[in-house]
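**Q** build me a model:
(4 chains)
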Number of protein chains: 2
Amino acid sequence: MKSYQQYCSVARALDVAGDRWVLLIVRELLAFGPSRYSDLKRGLPGIATNLLAERLKTMEADGLIERFEAPAPVATHVYQLTPRGRELEDVLRALTRWGLSSMPAGPTDADAVQPQWSALLAALTIPADMPAGTEITVGIDTDEAPGEAVHAVLRHDGFEIHRGAAADSDVTLSGPAQLVGGVLSGLLTPTRASRHGLTIRGNRSALAGLLSTTRTRAGATT
Amino acid sequence: MKSYQQYCSVARALDVAGDRWVLLIVRELLAFGPSRYSDLKRGLPGIATNLLAERLKTMEADGLIERFEAPAPVATHVYQLTPRGRELEDVLRALTRWGLSSMPAGPTDADAVQPQWSALLAALTIPADMPAGTEITVGIDTDEAPGEAVHAVLRHDGFEIHRGAAADSDVTLSGPAQLVGGVLSGLLTPTRASRHGLTIRGNRSALAGLLSTTRTRAGATT
DNA sequence: CCGCATCCGGGGCGATACTG
DNA sequence: CAGTATCGCCCCGGATGCGG
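**A** Model prediction:
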């Protein structure tokens, strides 16, 4: 896209990160870490392949991502965020929080749903509130994306998100994406959500601890 | 722009705020508060008039801004942020911080320069660090926009930015936008900046207080 | 003069097809 | 699997017109 040509740090940021799809590519790389082209395409439903390829090139040129030859097992390339790209986490966190208020009651039929988006929601808002040294693994399995569960490992100083279920999850949430996201964002209490169809397996008090104190906001709906 | 059609709060946020110019319009309204069409156009050099009009309409439809009949003196309309629009402040703050690292040494000849952008830089990063009850007024006058000074009133719980110089500024910065921004962002110490051509009038210790403790980062350049 | 609406060229975007 | 190539379309940018 064309530069705004304004000597303003907001405009500069948007010159680099304001193009369509760029921040969503960062979202995927932030969630899963190093990813292959096809992994990114999976996590970005709706993107045209030429656009993804073009964005990856300009993002590399802009220093947001790096392209690597993949290690031994798979003979392909892998994309990952540079430190500079990872610093966009704060931007994504702000957008995540702001976008929460615009989330409709549930996904429409046309809406894609992927569990890592719910996981990232938790990962970007919860860890800061966790006591140092603690760690919790949350399994996430949404009805709309059956068989594509993910699990998030949350630590006070960071997080990881992986595909598949974890053998050692502290707690696992299964149900409609709306309820999973509602609980993880603090908009919905686990009690209310389970009454509406959310299944919570595992250590329920660990979940309560996660969402403790000020995180559970008023204005819980549905 | 077309919706991403993803049930993800980041994608939702970008559906509404991701269109070109939208966040920069928010920037202007956040800086100056209620503004007329022509004021916005002044603060958004490079925007086409039809685009500004169109954006204002969709932003109003999306609940980001409101359109008012102006009060008595001027017979025209005024645009201002809704509470929902003002909540984008966190997004702008994150973008501002991130964009700082991409700021070149100085504006190119093609770059527009406006003093409110430097003022907003300060307003979005400083007030949080100020002790409650304190207030400081900073005058800002950049060489690149002569005769268009602004002043920012900074409080720990908010800020105001107004056009023109203030009679009662605690401190006033005049010089190249690069040095003004460098000091206000903490990238440059006042001492270093004044050695390079920044003029600091008024209560210099008030400025030092503003930028105290952890704000003055290492890696100061030029 | 202010606040837009209209018109028009160019380019970014989106969908599909195709290739190493 | 990882892209490249092609093609409409629509958005963006720049200029101009026009009513209040």
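
**Q** what separation is there between the closest residue to DNA strand C within chain A and residue B:21?
**A** Using CB to the nearest atom of the strand, residue A:48 is the residue of chain A that sits closest to DNA strand C, at 3.4 Å. From N, CA and C alone the C-beta is placed, and that goes for glycine too. Residue A:48 sits at a distance of 23 Å from residue B:21 (criterion: CB to CB, to the nearest Å).

**Q** which helices and strands sit right next to the strand ranked longest in chain A?
**A** As assigned by DSSP state E, the longest strand anywhere in chain A is strand A:135-142. Counting contacts by 3 or more CB pairs under 8 Å, 6 or more residues apart in numbering or on different chains; DSSP states H and E, strand A:135-142 is packed against helix A:115-125, strand A:150-155, strand A:171-175, helix A:177-185, helix A:204-210.

**Q** so what strands line up beside the shortest one?
**A** By that I understand strand A:171-175. Sheet pairing here is set by DSSP bridges, and for strand A:171-175 it gives strand A:135-142 (parallel), strand A:199-202 (antiparallel).

**Q** what comes up buried for the shortest one?
**A** To tie it back to what came earlier, the one meant is strand A:199-202. Buried residues in strand A:199-202, counted by 16 or more other CB atoms under 10 Å in any protein chain shown: A:200, A:202.

**Q** remind me what the helix or strand where residue A:41 lies packs against, helices and strands.
**A** Per DSSP states H and E, residue A:41 falls inside helix A:37-43. Using 3+ CB pairs under 8 Å, 6+ apart, the elements in contact with helix A:37-43 are helix A:22-32, helix A:49-61, strand A:77-81.

**Q** contacts (any at all) between DNA strand D and the shortest one?
**A** So that's strand A:77-81. Yes: using CB under 7 Å from any atom of the strand, strand A:77-81 reaches DNA strand D at residue A:77.

**Q** packing partners for the helix or strand of chain A with the lowest mean pLDDT?
**A** Lowest mean confidence among the helices and strands of chain A (mean pLDDT, DSSP states H and E): helix A:204-210, at a mean of 88. Based on contacts counted as 3+ CB pairs under 8 Å, 6+ apart, the elements that helix A:204-210 packs against are strand A:135-142, strand A:171-175, helix A:190-195.

**Q** contacts for the shortest one?
**A** Contacts of strand A:171-175 with the rest of the structure, by CB atoms under 8 Å, 6 or more residues apart in numbering or on different chains, involve A:136, A:138-143, A:151, A:165, A:179-180, A:183-184, A:193, A:197-204, A:206-207.

**Q** how close does the residue lying closest to residue A:201 once chain neighbours are set aside sit to residue A:20?
**A** The spatially closest residue to residue A:201, leaving aside those adjacent along the chain, is residue A:172, at 4.5 Å (CB to CB, 6 or more residues apart in numbering or on different chains). Noted for residue A:172: a distance of 35 Å to residue A:20, by CB to CB.

**Q** neighbour count: those two, which is higher?
**A** residue A:172 (20 against 17; other CB atoms under 10 Å in any protein chain shown).

**Q** so what's that one bridging to?
**A** Legend: beta-bridge partners of residue A:172 under DSSP bridges are residue A:139, residue A:201.

**Q** mind checking how far it is from residue A:155?
**A** Taking CB to CB as the measure, residue A:172 falls 18 Å from residue A:155.

**Q** repeat for residue A:81
**A** Applying CB to CB to residue A:81 and residue A:155 gives a distance of 18 Å.

**Q** settle it for me: which of these two has more neighbours?
**A** residue A:81 (22 against 15).

**Q** okay, now the unreliable bits of chain A?
**A** A:72-75, A:213-222 (pLDDT under 70).

**Q** contact residues of it facing DNA strand D?
**A** A:2, A:36-39, A:48-50, A:53-54, A:56-57, A:74, A:76-77.

**Q** ok, of the residues you listed, which come out buried?
**A** Buried members of the residues of chain A next to DNA strand D, counted by 16+ other CB under 10 Å: A:37, A:39, A:56.

**Q** in a markdown table: these, plus distance to residue A:97.
**A** Below are those laid out as a markdown table (distance: CB to CB, whole Å):
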| residue | distance to residue A:97 |
| --- | --- |
| A:37 | 30 |
| A:39 | 26 |
| A:56 | 27 |
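
**Q** contacts for the helix holding residue A:41, please.
**A** Outside helix A:37-43, the residues within contact range by CB under 8 Å, 6+ apart are A:25, A:27-29, A:31-32, A:35, A:47, A:49, A:52-53, A:56, A:76-77, A:79, A:114, A:116.

**Q** buried members of these into ChimeraX, please.
**A** Buried residues among these (16+ other CB under 10 Å), as a ChimeraX selection:
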select /A:25,27,28,29,31,32,35,47,52,56,79,114,116
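
**Q** run a quick neighbour tally on the closest residue to residue A:58 other than its chain neighbours.
**A** Of all residues not flanking residue A:58 in the chain, residue A:19 sits nearest, at 7.6 Å (CB to CB, 6+ apart). Using other CB under 10 Å, residue A:19 has 19 neighbouring residues.

**Q** on that earlier part again, residue B:104 is nearest to which of the helices and strands packed on helix A:204-210?
**A** Nearest to residue B:104 among the helices and strands packed on helix A:204-210 is strand A:135-142; the distance by CB to CB comes to 41.4 Å.

**Q** in that closest one, what's buried?
**A** Going by neighbour count (16+ other CB under 10 Å), the buried part of strand A:135-142 is A:136, A:137, A:138, A:139, A:140, A:141, A:142.
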